[in-house]
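> Based on what follows, work out the 3D shape:
(2 chains, ligands or ions: 2)
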Amino acid sequence: MTLQADPPSSPAIGADLERLDGALKVTGTAPYAYEQPVEDPVFLQVVQSTIARGRITAVDTAEAEALPGVLLVLTHENARRVASTDDLEFAVLQEPDVAYRGQVVGAVVAEDAETARQAAALVRLTYDEQPHRVILDATSTHPDSPDLYKPAAVNPSFETDTEQGDVEAGLAGAATWVDVRLSTAWLNNNPLEPHTTVARSHGGALTVHDSTQGVHTVKGTLATVLGLPGEQVRVLSPYVGGGFGSKGNPHPHEVVVCLAALALPGRWVKYAATRQQMFAFTGYRTPTVQRVRLGADADGHLVAVSHDAVSQTATVKEFAEQTAVVSRLMYGSPNIRTTHRLAVIDVPIPSWMRAPGECPGMFGLEVAMDELAVAAGLDPVELRVRNDPPVDPETGKPWGQRHLVECLREGAERFGWAGRDPRPRQRLVDGWWVGTGVASSVYPAMSMPGNEARITALDDGCLEVGIGAADIGTGAWTALSQIAADALGVGVERIRLRIGDSDLPNASVAGGSSGTSSWGAAIVGAAGAFRVQHGARPAPGASTTAGMLDVPGADDVAQYSFGAQFAEVRVHADTGEVRVPRLLGVFSVGRIVNPRTARSQFLGAMTMGMSMALHEQSVVDPRFGHVVNHDLAEYHITANADVVDLQAHWLDERDAHRNPMGTRGIGEIGIVGTAAAVVNAAHHATGVRVRDLPVTADKFL
Amino acid sequence: MEDTTTREAAWTRPPGGPHRQTVRLRVDGRDRTLEADTRTSLLDALRDGLGVMSPKKGCDHGQCGACTVLLDGSRSLACLSLAVAVDGSEVTTAAGLPTDGHLHPVQQAFLDADGLQCGYCTPGQVCSAIGVLAEAAAGHPSHVTADLDADVVLDAAEVSERMSGNLCRCGAYVGITEAVLRCASDAAASAASDPAAGGAR
Ligand code: FES
Ligand code: FES
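Residues are numbered from 1 along each chain as shown, chains lettered A, B, ... in the order given. Ligands and ions are numbered 1, 2, ... in the order given. Below you'll find the predicted structure:
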């Protein structure tokens, strides 16, 4: 085998390669967690609390245990004590306390799934029920509101509040201003593959097939919580049926399945969450209430930006959505203020959902920008162009690549924006009000530290590249192979990629749109070290493990991706039915590794953004505390017929600031701004400004 | 083919529930037998009972389409049938579609159009697409068919409508529709060149 020089003459990066795992997926033979071949499995079903707050005062498992085929019934009375309760989300079956409806308060293991489910229903729990509060009804978004508190930081570690200049003075002197209160709904990630854990304890070691975005994250959590040495826990996850953030961290079921496996050594314990359970304990996007105030001078330059955001968190564990962070950098203004406050109520623990922070925050900011454009009599594209800041307003650092204006201009051109009549409610076509709208997108370029890859020369002349990365549908199997091929100077067909196994070198979570950049940089670093160590003609068995190299000056520039989304909306004049016949996005995201899979990522995220705009809303019953529409018939997501003309384009770029591939990450930016573009177009169509998502028919009648 | 003896063994242990019955199925061209709890869905019988994992469970309530298989030739949601109720049926899953190591044309079209991301909805989408092509060839109208008496022409609106029972949370609909449209036009072209061949498999 001979490794060609780097860079290769015809790079694999940028090639329109078919998904390497595609044949397995179109035949259904890629083994997801539940589908891993395991011998003689037993089946677990969880028992969930039927109150939203209180204590379990009595447990009766006799009937469940008497059912033939039942092997184990676990509650807080008999479950193994965990080694760490630092993170209360994982202190499962430890105390009789109930902090939210649907909490895992027991588990049954049986020889078959039907018996497990039947037995779970036979576990009798008696409660001392306490009054609860489950609705985020922030009557005030004022930072000093007594119902709310100020978290120490917002996800993951941003400052909670910021203030530059004097927003009140800026607003007082503004020629035009808007003061807008908006809300986004409680959203559930709902990957199509349910959260799944299949585990066996064998000789003190735990093997776990898990549906996760990060095998090393799960391994670390399980080792800590269960008090096992790290080398005794192995987590595998080569194929994952979507995650969108909810599989970015473990949730209580991973712990419960492992508690059961430890209690039944030698047996594989299988558990897949039901769709209903996924509304209770696998994470979700908090609803938000936002107040955005913008002021502009006579030329349309922003003189004040104020963004106050309220979201909810659980009593068990804090999660603080970083909703207003986008307003710190999106547009230039001498006066910018942002605040975040939380209501702590008796709800499940909110967590990551695709573009946490940016997604709800840009809904608020971009709808307010549209309202300002209308108030100022300015074209909404032009308003955004005028306020494009030369340096990052928050840090004063120069931009790595800020190409928002190029995205707006190219999008306007492709969409046919020129000559748009700005007046709302002017176009009635065949009984439908028709309008168009625009919004910007933004997402930070992140790379995670601590990634390593192992390169090994195989006997057959191929190179094995191993890293504990995850492909949750992003195309990592293909993209990482392309990156490895170029770094090692061989064709993609000579790369044998291995991912999704915690026995492989350490990988960060598939989150923050950082996967390809972080893992890819580790592969490039390891390939360089492999070449140094083994030369251009490595002998079979030659192996090197190494990580990414530092990119000098990476932190001296502000690194963000940008985009612009244009929507056409039709609202039926009689019924209020809302359709989105056209949605077009243009993105600036650095280099594209694989245009085919990248396009799917953009389109998929925009589709999810359309879903957030039109359909998605988990409705909580204030009396009982659960999501009442907890299935896919009642929690609506975008279906095929909702998508008509959906297009994604990108600028031809390469970003030298962050990693050797020139990438910035693409998985999340497509959902940022979509809902605002739809709302803005709906306003243009009808003159009705919908400020509370989703944009449903009743809001036009 | 996979060895399923170990999984079948799980079903031959002393029964966990009171209601067990023998179910015979022909799955992807192989005759299979299992002892199933009468509460077991066809989907669970395939996955847990026979180790046939190609059809997926996304909701277990007939709401997502991930479990779509061809049941005696028609697309059907495996989570909505009880295994005992389909005793003696022929089931084709996406795993049974390739012939001589070659993907079915619909599967190849999904790859070409990148009509998938995570792949979890994909086997169901593929089976559903085969059903759509056959239904259209047989003249079945849909909600968006304008002329109920004319032959069905599969355009984008028809395909999107007919494929809307298969949810894709990754949002691969653009590629899915493109894949089915390509197959529809290939079928139309081959029907035009060989009228005896018909448009459906
Ligand atoms: S699993 Fe059968 S329709 Fe969802
Ligand atoms: S490809 Fe992931 S749900 Fe369709």
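> What are the boundaries of the helices in the stretch 1-150 of chain A?
Taking DSSP state H, counting those that start in this stretch as the criterion, the stretch 1-150 of chain A contains helices spanning A:22-26, A:62-66, A:113-122.
> Oops, could you answer that again for chain A instead?
According to DSSP state H, chain A carries its helices in the segments A:22-26, A:62-66, A:113-122, A:167-172, A:215-226, A:252-263, A:358-376, A:380-386, A:404-415, A:476-488, A:515-534, A:595-614, A:674-686.
> just how off-centre is the last one within its chain?
In other words, helix A:674-686. Between the mean C-alpha point of helix A:674-686 and the mean C-alpha point of its chain there is a distance of 24 Å (C-alpha atoms, centre = their mean, to the nearest Å).
> Show me what that helix is packed up against.
If you count contacts as 3 or more C-beta pairs under 8 Å, 6 or more residues apart in numbering or on different chains; DSSP states H and E, helix A:674-686 packs onto helix A:358-376, strand A:432-444, strand A:560-572, strand A:578-588, helix A:595-614. C-beta here means a position set from N, CA and C on the backbone, and glycine is covered the same way.
> is the second one anywhere near chain B?
No: in this structure, strand A:432-444 remains apart from chain B according to C-beta under 8 Å from any C-beta of the partner chain; the gap is never smaller than 15.6 Å.
> What helices and strands are in contact with that strand?
Contacts defined by 3+ C-beta pairs under 8 Å, 6+ apart place strand A:432-444 against helix A:358-376, helix A:380-386, helix A:404-415, strand A:560-572, strand A:578-588, helix A:674-686.
> how about the first one, does it get close to chain B?
Translated: helix A:358-376. No: using C-beta under 8 Å from any C-beta, helix A:358-376 stays clear of chain B, with a minimum separation of 14.4 Å.
> Now do the buried residues in that helix.
Of all the residues in helix A:358-376, those buried under the rule 16 or more other C-beta atoms under 10 Å in any protein chain shown are A:358-374, A:376.
> ditto for the fifth one
Along strand A:578-588, these residues count as buried under the neighbour rule (16+ other C-beta under 10 Å): A:Val578, A:Arg579, A:Val580, A:Arg582, A:Leu583, A:Leu584, A:Gly585, A:Val586, A:Phe587, A:Ser588.
> tell me the angle of it relative to strand A:432-444?
Strand A:578-588 runs at 30 degrees relative to strand A:432-444, counting by axes from the mean of the first three to the mean of the last three C-alpha atoms, to 10 degrees.
> what sits against residue 110?
Unless you meant another one, I'm taking chain A. With contacts defined as C-beta atoms under 8 Å, 6 or more residues apart in numbering or on different chains, the neighbours of A:Ala110 are A:Val42, A:Phe43, A:Gln45, A:Leu67, A:Gly69, A:Val70, A:Leu71, A:Ala116, A:Ala119, B:Gly16.
> Wait, chain B was what I had in mind.
Contacts here follow C-beta under 8 Å, 6+ apart; on that basis B:Phe110 touches A:Gly22, A:Val26, B:Leu116, B:Thr122, B:Gln125, B:Val126, B:Ala129, B:Gly175, B:Ile176, B:Ala179.
> which residues sit in contact with A:Ala558?
Under the criterion of C-beta under 8 Å, 6+ apart, the contact list for A:Ala558 reads A:Leu329, A:Val391, A:Asp392, A:Glu394, A:Thr395, A:Lys397, A:Pro398, A:Trp399, A:Gly400, A:Arg402.
> Could you give the number of residues near the last one?
Number of residues near A:Arg402 (other C-beta atoms under 10 Å in any protein chain shown) recorded here: 22.
> surely it meets A:Phe562?
Yes: taking contact to mean C-beta atoms under 8 Å, the distance of 6.4 Å between A:Arg402 and A:Phe562 places them in contact.
> and A:Thr224, how many residues sit next to it?
The tally of other residues near A:Thr224 (other C-beta under 10 Å) stands at 17.
> Might one say that it is in contact with A:Ala83?
Yes: with contact defined as C-beta under 8 Å, A:Thr224 and A:Ala83 form a contacting pair (7.0 Å).
> So what's the predicted local confidence for B:Thr12?
According to the predicted model, the pLDDT of B:Thr12 comes to 41.
> no no, A:Ser447
88.
> What is the burial count for it?
Look at A:Ser447: counted by other C-beta under 10 Å, it has 25 neighbours.
> wait, isn't it in contact with A:Gly515?
No: contact status for A:Ser447 versus A:Gly515: not in contact, 9.7 Å apart, counting by C-beta under 8 Å.
> Show me the domain layout of chain B.
Here the domain assignment for chain B is B:4-96, B:105-197, based on automatic domain parsing.
> Tell me which of the ones you listed sits nearest to ligand 1.
Closest of the domains of chain B to ligand 1 is domain B:4-96, at 3.2 Å (criterion: C-beta to the nearest ligand atom).
> Please state the offset of that closest one from the chain centre?
How far domain B:4-96 lies from its chain's middle: 13 Å, per C-alpha atoms, centre = their mean.
> and it, anywhere near ligand 1?
Yes: in terms of C-beta under 6 Å from any ligand atom, part of domain B:4-96 sits within range of ligand 1, namely B:Lys57, B:Gly58, B:Cys59, B:Asp60, B:Gly62, B:Gln63, B:Cys64, B:Gly65, B:Ala66, B:Cys67, B:Leu77, B:Cys79.
> ok, those vs A:Ala697, which is closest?
Ranked by distance to A:Ala697 (C-beta to C-beta), the residues of domain B:4-96 next to ligand 1 are led by B:Gln63 at 21.4 Å.
> hang on, the earlier thing: could the helices of chain A be laid out in TSV, adding mean pLDDT and distance to A:Ser246?
Written out in TSV, the entries for the helices of chain A read as follows (pLDDT from 0 to 100; distance: least, C-beta to C-beta, whole Å):
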stretch	mean pLDDT	distance to A:Ser246
helix A:22-26	98	21
helix A:62-66	97	29
helix A:113-122	96	22
helix A:167-172	98	35
helix A:215-226	98	13
helix A:252-263	98	12
helix A:358-376	98	14
helix A:380-386	98	32
helix A:404-415	98	29
helix A:476-488	97	18
helix A:515-534	96	16
helix A:595-614	98	13
helix A:674-686	98	19
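> among those helices, which is nearest B:Leu25?
Comparing the helices of chain A against B:Leu25 with C-beta to C-beta, the closest turns out to be helix A:113-122 (18.1 Å).
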